[in-house]
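[1] Sharing a model prediction with you, sequence too.
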Amino acid sequence: MISVLMPVRNAAATLPAALHSLFCQTHPDFEIVLLDDGSDDGGATRGVIAAAAGCDSRVRPFFLPHRGIAATLAHGLGLCRGPYVARHDADDTCRADRLEKQAAYLENHPDIGLVSCLAAFGGDPERAAGYKNHLDWANSLTTPEAIALERFRESPLPHPTVMFRAGLVREHGGYADGPFPEDYELWLRWMEAGVRMAKVPEPLVTWNDPPDRLSRTDPRYDPARFHAVKAGYLARHLERTNPFHPVIEVLGAGRVTRRRAERLCDHGVVIGGWWDIDPRKVGKVVGGRPVRHRDELPPAGSRFLVSYVASRGAAQEIAAFVAARGYVPGRDYLPAA
């Protein structure tokens, strides 16, 4: 019923615990599609995989040349035999009822195409405060509406927490290999196609944070790549939902904000102006557009706002500010950073 899709590379130290957490699942009907992406650790990872396959027939090992995670995942999707596909990483573990609860959710909610869950943080919350803050934010998004609304800020779904219907791959395509985070691009593409996504509101997965995690070492996970890939999806969303299309106005006027927002212009969006609170910027013309003080923002209904202010706590403060002026998320403004 469930195909657990797990790519690994040089993971001999963490793979045993990841596999053990799967062997302990309360849902009995699953396979583990275990893909070795050309490990070069002297046969250590290959040995762990071979031992696991030898003691549990649910493990289906595949030893591939090194091509990277996106290509490995795309290959693995073609090997999955179940109607449900669950992602799992070699450095993460899951609760014994993870597969049971996520499969039950999909069975009971036919309108949902993908279900995630909450995740416990398995790293050092002080040394990795940025990752911990991101996970806290992702854990706050559990409903299809919240996930869809917030998807242009960051990826709302930690990759190893998801289970999805295999039919989505046939309908909308699977993982694409390009200069972008393959999971985030997939969520954006599927949500653009109308796929609804939700979460089981329980911490069914422990999301560990090793120093060699791809999101730390692979340039495809650089923040600039996130903004580059989402610009096209956000622009098309604005074309469908912005009553003033192609014109938007942007909350924030800092250099980073402007650089990120101006990516939309490559997709036909026109930025009419900036709104900020910095007295050094207010009243000036930056990039050919006026900077106005945020307190002068007129009531809702006269413009569409996109917020690109990314400082910690800014999203909540801005949401409260625009709400006080009658702006409704999704109708009058969108958070994008």
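    Yep, that arrived.
[2] Wait, a strand at residue 265?
    No. Membership of residue 265 in a strand is not supported by DSSP: H, G, I helix; E, B strand; the rest coil, which gives helix.
[3] so it makes contact with residue 272?
    No. With contacts counted by CB atoms under 8 Å, residue 265 stays clear of residue 272, the gap being 11.5 Å. C-beta: built from backbone N, CA, C; applies to glycine.
[4] tell me the contacts of residue 15?
    For residue 15, the contact set (CB atoms under 8 Å, 6 or more residues apart in numbering) comprises 8, 45, 48, 49, 52, 90.
[5] Give the buried residues for the lengthiest strand in the chain.
    Looking across the chain with DSSP state E, the single longest strand is strand 197-207. Of all the residues in strand 197-207, those buried under the rule 16 or more other CB atoms under 10 Å are 197, 198, 199, 200, 203, 204, 205, 206, 207.
[6] I figured the fifth one hits residue 97, correct?
    Read it as residue 203. No. Assessed by CB under 8 Å, residue 203 is found out of contact with residue 97, at 11.3 Å.
[7] Residue 69 reaches residue 176, doesn't it?
    No. Look at residue 69 against residue 176 with CB under 8 Å: they stay out of range, at 12.0 Å.
[8] Which residue ranges of the stretch 101-250 of the chain form helices?
    Assigned by DSSP state H, counting those that start in this stretch, the helices in the stretch 101-250 of the chain fall at 129-139, 144-150, 167-172, 182-192, 214-217, 223-241.
[9] Where does residue 13 sit, in terms of helix or strand?
    Assessed by DSSP states H and E, residue 13 sits outside every helix and strand.
[10] returning to that earlier point: paired strands for the longest strand of the chain, with orientation please.
    strand 93-94 (antiparallel), strand 114-121 (parallel) (DSSP bridges).
[11] Now do the buried residues in the longest one.
    Read it as strand 114-121. So, applying 16+ other CB under 10 Å, buried residues of strand 114-121: 114, 115, 116, 117, 118, 119, 121.
[12] what separates the first one from residue 135, distance-wise?
    Pointing back at residue 114 there. In this view, residue 114 and residue 135 are 18 Å apart by CB to CB, to the nearest Å.
[13] do the same with the fourth one
    Using CB to CB, we find residue 117 at a distance of 12 Å from residue 135.
[14] cool, the fifth one as well?
    Residue 118 sits at a distance of 9 Å from residue 135 (criterion: CB to CB).
[15] Quick check: residue 50 touching residue 61?
    Yes. If you go by CB under 8 Å, residue 50 and residue 61 touch, sitting 6.9 Å apart.
[16] Just the closest of the buried residues of strand 197-207 to residue 128, please.
    Nearest to residue 128 among the buried residues of strand 197-207: residue 207, at 10.8 Å, using CB to CB.
[17] Any idea what the closest one is bridged to?
    Note on residue 207: beta-bridge partners by DSSP bridges are residue 121.
[18] center of this protein - which residue?
    residue 155 (2.6 Å; CA atoms, centre = their mean).
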